[in-house]
Structures are given as C-alpha cells and as structure tokens.
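1. this one's structure only:
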C-alpha cells in the first residue's frame with residue numbers, strides 16, 4: 001500500500017496504466033495524484049507548514065465551488081469555505097503521507113455505500129439500491145459521452161478520496177481509543193454516589209466592586225500568567241453613520257395620493273389623436289389584468305386564495321368584501337395597495353388525508369410493493385372499515401399503512417383547490433362534506449380518503465405601489481452624507497460631536513478581523529473591512545462608502561496588532577476575575593478559624609441545605625455550578641465540616657449530613673462502552689484541531705480578497 005501510494009505521487013500516467021492492468025477499468029480520479037495545492041503558480045495565498053498554496057490554484061477552486069453552490073453563496077463565503085478545506089486537506093495530507101494512507105478502488109466503492117452518493121439514482125439498480133456495476137458503467141458513460149458531467153465527477157471524486165482517507169485515518173486513531181472496566185466503574189460512581197450537605201455561603205456580591213482596587217500592573221501580571229487565554233489577532237474598531245435611502249413622510253404621502261387617484265376615472269391627452277381620452281379608474285374597470293399591467297408594480301394574481309393566504313393584518317376585511325368592492329388605499333409592508341374583490345368560491349379549498357394502498361404495476365408504485373390489484377383492494381376495504389370506527393386515529397392508521405409519500409405526515413395532503421388532484425380523487429374531495437371517509441380508485445392505487453376541512457377562497461386584484469424615496473430625497477441624502485464626510489475629515493470637530501449636532505446615530509463595530517465580511521448594521525461590506533486594514537488607513541481617518549440603499553460614513557477608531565492583548569483591551573474580562581480573587585481573600589481573611597454557625601452569623605447569612613449532589617453534575621441548587629465545593633464535600637466524612645472554600649459564586653463552608661454510596665454492579669461494561677463511544681465521537685474534531693493548533697499557517701487571503 002505504502003509503495004503504491006508513493007508511486008501515485010510521482011506520475012499520473014504510470015498510475016493509470018497500473019490501474020488498467022489491475023482492475024480492467026478506470027474510475028479515473030481514483031488513481032490521480034494526491035497533491036492538494038496544485039501547481040505553485042503566482043503568489044501564494046497561504047503557506048501551511050512550509051507548503052505554499054498558489055493564488056491561481058486557489059482561485060480555480062473558488063470558481064469550481066461557485067459553479068457547485070450557485071449564486072446563493074456570497075463570494076467571501078466561498079473564499080472561506082475553500083480556505084478551510086485547503087487548510088484541512090494540507091494538514092491531514094501530511095499525516096496521510098507519513099502513514100502511507102492510500103485509497104484503492106474497492107475502498108472507494110465501500111465508502112460510497114455509506115454516503116449520500118449511494119442515493120444517486122444513476123448509481124442504483126432497479127430496486128433503488130446502490131450497485132457497484134451501475135456506478136462504474138455510469139462513470140464510463142459520462143467519460144465517453146458527457147465531458148461536462150465527467151469533469152464535474154472528477155472534482156467530486158477528489159473530494160470522495162479525501163473523505164475516504166480521512167475516514168481511514170480517524171478510524172486508525174479510534175482503534176486506540178477505549179475505556180477499561182475500571183474507568184467505567186469510576187464513571188458510574190461519579191454519577192451515582194451522592195452527598196447531602198448543609199452549607200453557608202458568603203457571596204462575592206456582598207462586597208461592592210467599587211471597594212476593590214485593581215492596578216494596571218496586576219492586570220498585566222494576570223495576562224502574562226495566562227497568555228494562551230489572551231492572544232489576539234489583527235483587528236480594527238470602526239464607528240459609522242448610516243445614511244439610508246428610504247422614503248420620507250412627504251414621499252409616502254405622494255405615493256398614497258397617486259394610488260388613490262387610480263380609483264376614479266382620469267383624463268389623459270393622446271398625442272396620436274390630439275384629443276383627451278377618459279381613462280377608466282380601478283373602481284369601474286372591466287379589465288383588471290390590463291389595468292394592473294399599466295398601473296401596478298405587481299401583476300394580477302388570478303389564483304384563488306384562502307383567508308390564511310391573504311395579508312395577515314387585512315385578511316378579515318378583504319374576505320368580507322362584496323364582488324366589485326374595493327378596500328384601500330392601505331399600507332402593507334413597503335407598499336401602498338388597493339384591493340378589489342373579483343370572485344369568490346365557497347368551499348373552494350379542501351384539506352384531506354389519505355391512505356394509499358398501491359399494487360404491483362400501479363403508477364409510481366414502489367418496486368418493493370408486490371401485492372396484486374385484488375389484494376390491494378381487499379386491504380383498502382379493511383382499512384376503510386377501520387378508519388370509520390370512532391375510536392380510530394386516522395393519522396396513526398395512515399402512518400402505519402399508507403404506501404404514499406404522505407405516510408410520514410399521517411397521510412396529510414394539506415389544502416388543495418379544484419383540479420389539483422386526479423379527477424376521481426378531486427370529485428370525492430369536493431363532492432363530500434367535512435368528516436366524510438370513503439374509498440376511491442385511481443391509477444396510483446386505492447385511496448382511503450378523509451376530508452379534514454374546507455375553506456372559502458377569494459380572487460382579489462390588487463394595485464400596489466412600492467414606497468420608494470423620491471429623486472429629491474435621494475439627492476438630499478447624498479448631500480448630507482457628503483457634507484458629514486467632509487466636515488469629519490476637516491477635523492475641527494470630532495466625529496461624535498458632528499453626529500450629535502445633526503442628530504445622527506453613531507454605531508460602533510469592534511474587533512473586526514481581516515477576513516470579516518458582514519458588519520452589524522451594514523451587512524456585507526467587504527470594501528469597508530479592506531479599507532480599515534489598508535496600511536495607509538490611520539486611526540481617525542474617515543471615508544464615505546456607497547452601500548445598498550444608501551451611504552455609510554466610516555471612521556477608523558482603533559487598531560490591534562497580533563500577539564498578546566494589552567491591559568486596556570483585556571481589562572474588561574480580567575477585572576472581574578481579579579476582583580473575585582481579592583473578595584475571596586478578604587472574606588477568608590476575616591473569617592479564619594470560625595466555626596460553622598459563627599461563620600454564618602458574623603456575615604448575616606443563613607445556612608442552607610442541598611441533597612443528592614453528585615460529582616458528575618456539580619451544581620448546588622440556588623448557588624449554581626460549584627465543582628470545588630462539591631468535590632470537597634465528597635472528601636469529607638459524615639458530620640464532618642470543611643474549612644473555608646473559595647467557590648465560583650462565594651466563599652463556602654459545608655457540613656456533610658449524609659453520604660450515599662452507589663449500588664455495586666456485577667459488570668460495568670455498559671459504562672465503559674459509553675465512555676469509549678463518547679471519546680471516539682470526539683476524535684475527528686479534537687485530532688484535527690490539535691493538528692491545526694500545532695501547524696504554522698501564514699494566511700495571505702486579505703491581500704487578494
């Protein structure tokens with residue numbers, strides 16, 4: 001295996017020849033090179049443990065990902081997804097090479113059986129089961145007749161090989177993960193040994209924060225002692241004012257006035273005839289389709305709708321309109337609307353459930369269905385009788401017996417209108433009352449149908465006009481944004497003071513990372529992030545950016561260099577820790593050598609009790625998570641009292657009132673296996689994260705994106 005893997009890394013052609021000789025056919029990508037970065041062309045977007053990833057190869061993979069995921073994924077999402085995969089492939093690739101892990105054809109086939117690829121109908125036999133021969137034939141057919149599909153498969157195959165190698169690698173590690181019976185016994189005891197306590201707690205909140213002085217040197221010492229917890233990346237702080245392009249009150253009023261005028265007839269000059277024409281208004285028009293085409297931002301929706309499908313705030317009003325009556329103008333979201341009732345249908349929508357009993361040869365019948373038509377009819381009649389019994393729950397009957405895709409939903413087909421279902425099903429649904437249960441035969445089989453509900457439906461024509469800012473409003477907004485930018489750059493007044501004078505809202509965004517894209521309050525604004533990290537951008541600089549629906553005037557307020565956080569940056573998280581330590585020391589110092597009752601009375605607190613505490617769940621009701629306190633309690637004997645204990649929420653003293661040993665078991669294999677499974681489940685993530693933490697990764701993405 002290791003020898004073949006080393007050969008693979010040398011030449012693709014040789015490997016393909018070996019593959020042909022060994023297996024008589026080629027699943028082309030199975031025998032390709034396992035190099036991950038591609039050709040080292042151009043500048044490097046990254047260097048991982050000395051291995052460069054060229055920007056050209058990286059961009060090619062982003063283009064491939066873009067074709068795969070489509071326009072729903074943003075450019076930076078694609079960059080980050082491809083980056084994460086490249087880092088992972090490179091780091092794990094080193095492990096694969098060191099261990100000689102390679103993947104052969106039979107391993108690919110076995111892997112495919114356990115993944116979603118096995119659900120591809122093109123790889124399945126007539127019974128819907130993954131078939132290795134069908135898979136091979138499909139790939140061969142693509143290679144000969146469909147270059148686009150085949151090229152896409154080659155990319156997919158690379159991913160499959162990577163996943164298969166990962167599975168092999170992680171399985172090797174999992175093979176060494178286990179748990180002894182003694183470990184299982186300990187885990188059982190930690191969960192089932194219990195202790196009851198009586199305790200006194202002096203909470204840290206009893207001492208005001210304002211009385212505890214913490215110096216900068218103390219914070220600095222704490223940071224130095226906990227360097228791993230206070231590492232920071234390159235980051236930036238900004239603040240911005242958002243000038244949003246939105247309609248003013250005057251704009252809204254103008255739009256409402258215009259749509260109101262559409263109700264009645266109007267006079268319009270016709271150049272071709274040199275005369276004034278009368279344009280029929282919405283109230284009297286006989287052709288709502290043409291009227292909406294000419295006057296509305298939305299077309300005439302001819303579909304009948306139930307009450308639940310009408311605008312929620314206005315449904316009660318709309319459904320009560322008579323034919324030809326109009327409601328409006330009314331504001332619905334970002335539109336002003338006029339709605340006219342065109343037609344109504346009583347009981348025009350039906351909600352039904354069914355149990356489908358299919359038979360061999362019926363339309364779309366599952367290949368696993370082998371019953372005859374006669375057997376299907378007999379079973380359907382039996383279910384019909386059962387369904388009509390008062391104590392029968394139709395949902396359960398359908399879930400257990402239906403051959404249709406709605407079985408998982410208890411046979412529920414939801415609401416549908418006339419003509420949606422096949423004729424016989426349709427006639428039964430609309431020809432019977434709610435609650436009726438009956439039997440219908442169609443080309444799909446026999447249906448036991450239950451009519452659950454009926455609703456009236458309405459055809460409503462709606463003239464809508466979007467509420468948009470006028471050109472005057474947009475021009476004023478641009479002027480305001482530009483003026484604010486210029487005055488901020490001038491520097492005679494601070495950014496905050498200028499914003500306050502104009503009553504603009506200033507929004508801060510802190511600790512932006514170099515590869516961030518979405519900014520709170522501004523959404524996707526990669527250009528702002530790039531500006532903030534530009535070497536020429538200095539603290540205090542201001543710039544206006546065109547964004548969707550307006551402008552953002554942004555000021556750079558702080559920069560953070562990669563390394564250890566300084567006192568100012570870390571103080572928010574360090575201060576509470578040091579304060580708590582000082583409060584604990586103060587409480588302990590004031591209560592040395594005091595007995596249980598004296599400790600309570602001198603601090604004006606009452607003793608409390610807690611029962612059935614365990615090490616596995618170290619929480620004291622009313623006090624919170626206190627593992628040190630509970631651990632100390634387990635180290636004591638019954639009726640024994642502890643000294644002062646520095647807990648998470650205060651200083652404690654506990655007396656053990658009762659200890660209950662766990663019942664001894666004959667065998668602890670169940671607990672050992674549970675531990676083993678839990679440890680195995682952590683392998684993939686834990687191992688990769690450890691490898692990544694130990695890797696040297698130089699990230700140059702921000703240079704290119």
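-> That came through fine. Keep in mind that what you see is a predicted model, and the values were worked out from it rather than measured.

2. how about the strands in the stretch 401-550 of the chain?
-> Counting by DSSP state E, counting those that start in this stretch, one finds strands in the stretch 401-550 of the chain at the ranges 412-417, 437-442, 445-466, 506-513, 518-519, 523-524, 542-547, 550-560.

3. format those as JSON lines; extra columns: distance to residue 425 and mean pLDDT.
-> (Each C-beta comes from the backbone N, C-alpha and C, glycine too.) Listed next are those as JSON lines, based on distance: least, C-beta to C-beta, whole Å; pLDDT from 0 to 100:
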{"stretch": "strand 412-417", "distance to residue 425": "9", "mean pLDDT": "93"}
{"stretch": "strand 437-442", "distance to residue 425": "6", "mean pLDDT": "95"}
{"stretch": "strand 445-466", "distance to residue 425": "6", "mean pLDDT": "95"}
{"stretch": "strand 506-513", "distance to residue 425": "57", "mean pLDDT": "94"}
{"stretch": "strand 518-519", "distance to residue 425": "48", "mean pLDDT": "89"}
{"stretch": "strand 523-524", "distance to residue 425": "47", "mean pLDDT": "80"}
{"stretch": "strand 542-547", "distance to residue 425": "52", "mean pLDDT": "94"}
{"stretch": "strand 550-560", "distance to residue 425": "53", "mean pLDDT": "95"}
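
4. output the below-cut-off pLDDT ranges for the stretch 1-150 of the chain.
-> In the predicted model, the stretch 1-150 of the chain carries pLDDT under 70 at residues 1-42, 72-73.

5. now the helices for it?
-> 2-8, 12-23, 55-69, 75-99, 105-113, 132-145, 147-174 (DSSP state H, counting those that start in this stretch).

6. quick one: closest of those to residue 224.
-> helix 75-99 (30.1 Å; C-beta to C-beta).

7. just checking, residue 191 touches residue 614?
-> Yes - counting by C-beta atoms under 8 Å, residue 191 touches residue 614, with 5.9 Å between them.

8. quick one: the helices of the stretch 1-150 of the chain as JSON lines, columns for mean neighbour count and distance to residue 579 too.
-> Listed next are these as JSON lines, based on neighbours: other C-beta atoms under 10 Å; distance: least, C-beta to C-beta, whole Å:
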{"stretch": "helix 2-8", "mean neighbour count": "14", "distance to residue 579": "58"}
{"stretch": "helix 12-23", "mean neighbour count": "13", "distance to residue 579": "64"}
{"stretch": "helix 55-69", "mean neighbour count": "16", "distance to residue 579": "47"}
{"stretch": "helix 75-99", "mean neighbour count": "17", "distance to residue 579": "38"}
{"stretch": "helix 105-113", "mean neighbour count": "16", "distance to residue 579": "55"}
{"stretch": "helix 132-145", "mean neighbour count": "16", "distance to residue 579": "64"}
{"stretch": "helix 147-174", "mean neighbour count": "16", "distance to residue 579": "43"}
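
9. out of these, nearest to residue 514?
-> Closest of the helices of the stretch 1-150 of the chain to residue 514 is helix 75-99, at 11.6 Å (criterion: C-beta to C-beta).

10. and the helices of the stretch 1-150 of the chain as JSON lines, adding distance to residue 698?
-> Listed next are the helices of the stretch 1-150 of the chain as JSON lines, based on distance: least, C-beta to C-beta, whole Å:
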{"stretch": "helix 2-8", "distance to residue 698": "28"}
{"stretch": "helix 12-23", "distance to residue 698": "29"}
{"stretch": "helix 55-69", "distance to residue 698": "13"}
{"stretch": "helix 75-99", "distance to residue 698": "11"}
{"stretch": "helix 105-113", "distance to residue 698": "33"}
{"stretch": "helix 132-145", "distance to residue 698": "38"}
{"stretch": "helix 147-174", "distance to residue 698": "22"}
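
11. so for residue 600, which of the ones you listed sits nearest?
-> When the helices of the stretch 1-150 of the chain are compared by C-beta to C-beta, helix 147-174 sits nearest residue 600, at 51.6 Å.

12. centre of the chain to that closest one, how far?
-> Distance of helix 147-174 from the chain centroid (C-alpha atoms, centre = their mean, to the nearest Å) equals 25 Å.

13. how long is stretch 559-567 end to end?
-> Across stretch 559-567, the terminal residues are separated by 14 Å (C-alpha to C-alpha, to the nearest Å).

14. buried residues in it?
-> 560, 565, 566 (16 or more other C-beta atoms under 10 Å).

15. now do stretch 625-639
-> 626, 629, 630, 632, 633, 634, 636.

16. go on, stretch 320-338?
-> For stretch 320-338, the neighbour count (16+ other C-beta under 10 Å) marks 321, 326, 327, 328, 329, 330, 332, 335, 336, 337, 338 as buried.

17. repeat that for stretch 498-518.
-> Using 16+ other C-beta under 10 Å as the test for burial, stretch 498-518 gives 498, 499, 504, 507, 509, 512, 514, 515, 516, 517.

18. same check on stretch 223-239?
-> Using 16+ other C-beta under 10 Å as the test for burial, stretch 223-239 gives 223, 230, 235, 236, 237, 238, 239.

19. quick one: the strands in the stretch 601-705 of the chain?
-> Under DSSP E, counting those that start in this stretch, the stretch 601-705 of the chain gives strands at 608-613, 619-620, 624-625, 645-646, 650-660, 697-699.

20. what helices and strands are in contact with the last one?
-> Meaning strand 697-699. Secondary-structure packing of strand 697-699 (3 or more C-beta pairs under 8 Å, 6 or more residues apart in numbering; DSSP states H and E): strand 44-48.

21. and the angle from the strand it packs on to helix 55-69?
-> Going by axes from the mean of the first three to the mean of the last three C-alpha atoms, to 10 degrees, strand 44-48 is angled at 100 degrees with respect to helix 55-69.

22. coming back round to it: make JSON lines out of the buried residues of stretch 625-639 and add distance to residue 289 and pLDDT.
-> Shown next, in JSON lines, are those (distance: C-beta to C-beta, whole Å; pLDDT from 0 to 100):
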{"residue": "626", "distance to residue 289": "72", "pLDDT": "96"}
{"residue": "629", "distance to residue 289": "76", "pLDDT": "97"}
{"residue": "630", "distance to residue 289": "74", "pLDDT": "96"}
{"residue": "632", "distance to residue 289": "81", "pLDDT": "96"}
{"residue": "633", "distance to residue 289": "79", "pLDDT": "96"}
{"residue": "634", "distance to residue 289": "80", "pLDDT": "95"}
{"residue": "636", "distance to residue 289": "85", "pLDDT": "96"}
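
23. what about those residues, which are in helices?
-> Judged by DSSP state H, the buried residues of stretch 625-639 include 629, 630, 632, 633, 634 as members of helices.

24. and the buried residues of stretch 559-567, which is closest to residue 644?
-> Using C-beta to C-beta, the buried residues of stretch 559-567 come closest to residue 644 at residue 565, 32.9 Å.

25. before we move on, the earlier item: make JSON lines out of the buried residues of stretch 559-567 and add distance to residue 365.
-> Formatted as JSON lines, the buried residues of stretch 559-567 follow (distance: C-beta to C-beta, whole Å):
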{"residue": "560", "distance to residue 365": "65"}
{"residue": "565", "distance to residue 365": "66"}
{"residue": "566", "distance to residue 365": "71"}
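
26. determine which stretch of the strands of the stretch 601-705 of the chain is the most buried.
-> Of all the strands of the stretch 601-705 of the chain, strand 650-660 carries the top mean neighbour count, a mean of 21, counting by mean count of other C-beta atoms under 10 Å.
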